[in-house]
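need a structure here:
(chains A and B)
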Number of protein chains: 2
Amino acid sequence: MQMAEARRGVATEEIRAVAKDEEKPIKHVMKMLAMGRIVIPRNVRREGIKVKGIGEGLRIKVNANVGTSPDYADVQEEVEKAKTAVKYGADTVMDLSVGGDIDEVRRRILRAVEVPIGTVPIYQAGVEAAKGGSVVDMTSDDIFNAIRKHADDGVDFVTVHCGVTKAAVDALLRQRRLTDVVSRGGSFLIAWMVHHGEENPLYKEFDYLLEIAHKYDLTLSLGDGMRPGCLADASDRAQFQELLTLGELVERAWAKDVQVIVEGPGHLPLDHIEANVRLQKSVCRGAPFYVLGPIVTDIAPGYDHIVGAIGGAIAAWAGADFLCYVTPSEHICLPNIEDVKEGVMATRIAAHAADVVKGIDVERDAEMARARKELNWTKQFELAIDPEKAKELRRRRPPLIDPTACAMCGKYCAMRMASEYLAKL
Amino acid sequence: MQMAEARRGVATEEIRAVAKDEEKPIKHVMKMLAMGRIVIPRNVRREGIKVKGIGEGLRIKVNANVGTSPDYADVQEEVEKAKTAVKYGADTVMDLSVGGDIDEVRRRILRAVEVPIGTVPIYQAGVEAAKGGSVVDMTSDDIFNAIRKHADDGVDFVTVHCGVTKAAVDALLRQRRLTDVVSRGGSFLIAWMVHHGEENPLYKEFDYLLEIAHKYDLTLSLGDGMRPGCLADASDRAQFQELLTLGELVERAWAKDVQVIVEGPGHLPLDHIEANVRLQKSVCRGAPFYVLGPIVTDIAPGYDHIVGAIGGAIAAWAGADFLCYVTPSEHICLPNIEDVKEGVMATRIAAHAADVVKGIDVERDAEMARARKELNWTKQFELAIDPEKAKELRRRRPPLIDPTACAMCGKYCAMRMASEYLAKL
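I've put the predicted structure just below:
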């Protein structure tokens, strides 16, 4: 129980591991965790995990989504995607499966990788209800049972769309959005609420949810069911109505020693990002902010990993703590393994660009600069975020005349020529 | 003579074309051009050009660099790269050749594409001098003759590193940088200045340069020979010493009706970009700002198109007018045709993300949102920044169960489910 222990001044094994990993004092990590500004997602049942801290002052973390779809439900491929994501540096993996044997995918991923694993249990509740009829046939118990089952399996954090309340739906209707709702969990809940004429069970029975979370030390990631799905819908009243609710739920979770993260948009123009981060941090009292993208233009399907890297870098720089990757196939199809790699790399670049501004990992950039100046290619590859890719490019067009140079400038290397002559002064 | 005509209140054919293209009043474009805040690079000798305006309030423009290296000097490949860049939406192309038949590459590119073409004539002066000895054997006349030859051929803009002065070199020495100089033109000039113990001819004889530029209406792009080559060297005294000189030269160019652009960094951390743009705009009296990247981390060789897109989006949002692309092979080797496409697409995404913030082209994003909501795939492909790529991804994983859906969510499409139920309220 990370939060309860931290509040009692106990430095758990996990707190010590995070402090070491982040090169921060143990007391600092403990204090920030006690305040809710840092989380360490780690289910008490999870085995073989290398824990990660997420939150203020820590390295920006990167999540990779994997999971089956109704059309493509190859368990082995999703396990490979999870392993690929971790191989290329994803800090966490979420299994968003909605096709095939959902239990099997989740359980195999939990065994296959050592990073914290997240899921969205309402997907399974909805998909199983839909087998015999419709998503709206799921019961409130089905939803909580799915959460309990995932927690039993050792899942470290779950997305729960608790802020999709009647008030948020009313705001949404009055808003007249272009794309209404693009959150899958949000849409399941809205359908259910409309069909049954009832309030969202994850909101109404939030205390019950907290009991489950408390039992497993399951970190709650409060989902953004109202996130904007296009620039035109960004930062609107529906989105912020939900955020206000999430802020209240953060405080209720903390009152029960439950660790909590808040999820955020979505599609946002460049000039909305900082305001969104500051507002979340303020309304949610410094709870870690987990953003998807943000996507800064709607017109680049096929390149949304780049679009998300632009938004993610700005969000992380502004104070977001946790970036969910976006792959090149976003908005089109389920990603393949290569897309997973591309998504992880783009998001890690965004995270690192923000980290260096905060003084984290700057020495690596300086070492790369020195290796470049020395034309030390071995060192450059070692320091590269993706050594394989850098080597592959150099192999593709090796220097032909001077093996120490690069194949772009060859003997007209600016660094070499300038140094040679500056040394004469 | 665009600037002289604009100042006399004459709306040239080029001014009219830009006003139409940008959906701005002709008078506005004329006035901004007269003030130097907009340029229309167009050599009086250039034939078959579709002009572009670059500067305040216009769409952000994207440049693609092509050109041979000492190791790889295939003229045909460089022409293909130029055509590829334009096919995918580059607004201008620069030929940076330093290998093989430099005249041939430039002349063929000028005929092959209709966009404004830029070059860096000092490369040719240096490379030709190096054939019989060393770069430093070029004479002052060789430099000006190269500029004149390029202008005679119809080149629309040239990079001239006029700010690499003795004062800037002194500042550089006192600065003790990690990577000294990463500008090829800058290094040629520093080598020459040290070897001959003389001031930079492009600075000393700037009036002569203005005469040549005036004759051809050649737009001068004042190069940033002192641009930082790594985060550790960003925004230092050497860089700004050069910028102060460039600000003075901008005013001298304007006094002679010569159109001028200012080039900027380079490698900059996220939090330096806005300050750099504002300082350039202030010191250079609103002259258009042309940035390379900026590169926001040094550690991602193989992905520098993404790194540059992050920096470019922020720079353009802050007021930069013209983004030079960066390709995945930057820092490693000469790009191939696929790299050129990737570089152009990433940079166009950055440019568009900044444009929409200024209200330019926003309707396209909204149309994409509507097409997504309607699951109208034909329309989505039409609106996509790269329709081929989007189609290719959909073909790779087509929807198997419901052909109207996507292969990620299938029947659990959030937009469709939410709309269906919201309509019941």
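
tell me the helices and strands packed up against whichever strand or helix holds A:A351.
Here A:A351, judged by DSSP states H and E, is contained in helix A:337-357. If contacts are counted by 3 or more CB pairs under 8 Å, 6 or more residues apart in numbering or on different chains; DSSP states H and E, helix A:337-357 sits against strand A:61-66, helix A:75-87, helix A:304-318, strand A:322-324, helix B:304-318. Glycine gets a C-beta too; all of them are placed from N, C-alpha and C.

would you turn the ones you listed into TSV with distance to B:V98 and mean pLDDT?
Below are these laid out as TSV (distance: least, CB to CB, whole Å; pLDDT from 0 to 100):
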stretch	distance to B:V98	mean pLDDT
strand A:61-66	39	98
helix A:75-87	39	98
helix A:304-318	29	98
strand A:322-324	39	98
helix B:304-318	20	98
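
closest to A:S282 out of the ones you listed?
With CB to CB as the measure, helix A:304-318 is the member of the helices and strands packed on helix A:337-357 nearest A:S282 (12.3 Å).

close to chain B, is the closest one?
Yes: looking at helix A:304-318 against chain B by CB under 8 Å from any CB of the partner chain, the contacts come from A:305-307, A:309-310, A:313-314, A:317.

by how many degrees do that helix and helix B:304-318 diverge?
Here helix A:304-318 runs at an angle of 60 degrees relative to helix B:304-318 (axes from the mean of the first three to the mean of the last three CA atoms, to 10 degrees).

could you give me the buried positions within helix A:304-318?
A:304-318 (16 or more other CB atoms under 10 Å in any protein chain shown).

next one: that helix to chain centre, how far?
Mean-position distance between helix A:304-318 and its chain equals 12 Å (CA atoms, centre = their mean, to the nearest Å).

angle of it against helix B:337-357?
Going by the same axes, to 10 degrees, helix A:304-318 makes 50 degrees with helix B:337-357.

list the helices and strands helix A:304-318 packs on?
Using 3+ CB pairs under 8 Å, 6+ apart, helix A:304-318 is in contact with helix A:273-283, strand A:289-292, strand A:322-324, helix A:337-357, helix B:304-318, helix B:337-357.

partners of the second one, with directions?
The reference is to strand A:289-292. Taking DSSP bridges as the criterion, strand A:289-292 forms sheet pairs with strand A:260-264 (parallel), strand A:322-324 (parallel).

pLDDT (mean, whole number) over that strand?
Mean per-residue pLDDT for strand A:289-292: 98.

ends of stretch A:410-417, what's the gap?
11 Å (CA to CA, to the nearest Å).

that one and chain B, are they touching?
Yes: Stretch A:410-417 comes into contact with chain B (CB under 8 Å from any CB), by way of A:410-415, A:417.

reformat those as a markdown table; add neighbour count and pLDDT.
Shown next, in a markdown table, are the residues of stretch A:410-417 next to chain B (neighbours: other CB atoms under 10 Å in any protein chain shown; pLDDT from 0 to 100):
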| residue | neighbour count | pLDDT |
| --- | --- | --- |
| A:G410 | 19 | 88 |
| A:K411 | 17 | 90 |
| A:Y412 | 21 | 93 |
| A:C413 | 20 | 94 |
| A:A414 | 22 | 95 |
| A:M415 | 21 | 94 |
| A:M417 | 24 | 94 |
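
which of these fall in helices?
A:414-415, A:417 (DSSP state H).

just put the helices and strands packed on helix A:337-357 in CSV and tack on distance to B:T327.
Shown next, in CSV, are the helices and strands packed on helix A:337-357 (distance: least, CB to CB, whole Å):
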stretch, distance to B:T327
strand A:61-66, 24
helix A:75-87, 25
helix A:304-318, 13
strand A:322-324, 24
helix B:304-318, 6
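
hang on, the earlier thing: turn the ones in helices among the residues of stretch A:410-417 next to chain B into a markdown table, including distance to A:V135.
Below are those laid out as a markdown table (distance: CB to CB, whole Å):
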| residue | distance to A:V135 |
| --- | --- |
| A:A414 | 60 |
| A:M415 | 60 |
| A:M417 | 66 |
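
and the stretch 101-250 of chain A, which of its residues are near chain B?
A:123, A:126-127, A:130, A:135-136, A:169, A:172-173, A:178-184, A:186-188, A:190-191, A:194-195, A:229-233.

ok, of these, which come out buried?
Buried among these by 16+ other CB under 10 Å: A:123, A:126-127, A:130, A:135-136, A:169, A:172, A:178-184, A:186-188, A:190-191, A:194, A:229-233.

among these, which lie within helices?
In helices, defined here by DSSP H, the members of these are A:123, A:126-127, A:130, A:169, A:172, A:184, A:186-188, A:190-191, A:194.

buried residues in stretch A:151-160?
For stretch A:151-160, using 16+ other CB under 10 Å, the buried residues are A:151, A:153-160.

distance between it and the chain's centre?
15 Å.

could you check how far the residue most central in space within chain A is from A:G55?
Closest residue to the average C-alpha location of chain A: A:C324 at 2.9 Å, with CA atoms, centre = their mean. Applying CB to CB, to the nearest Å, the value for A:C324 to A:G55 is 15 Å.
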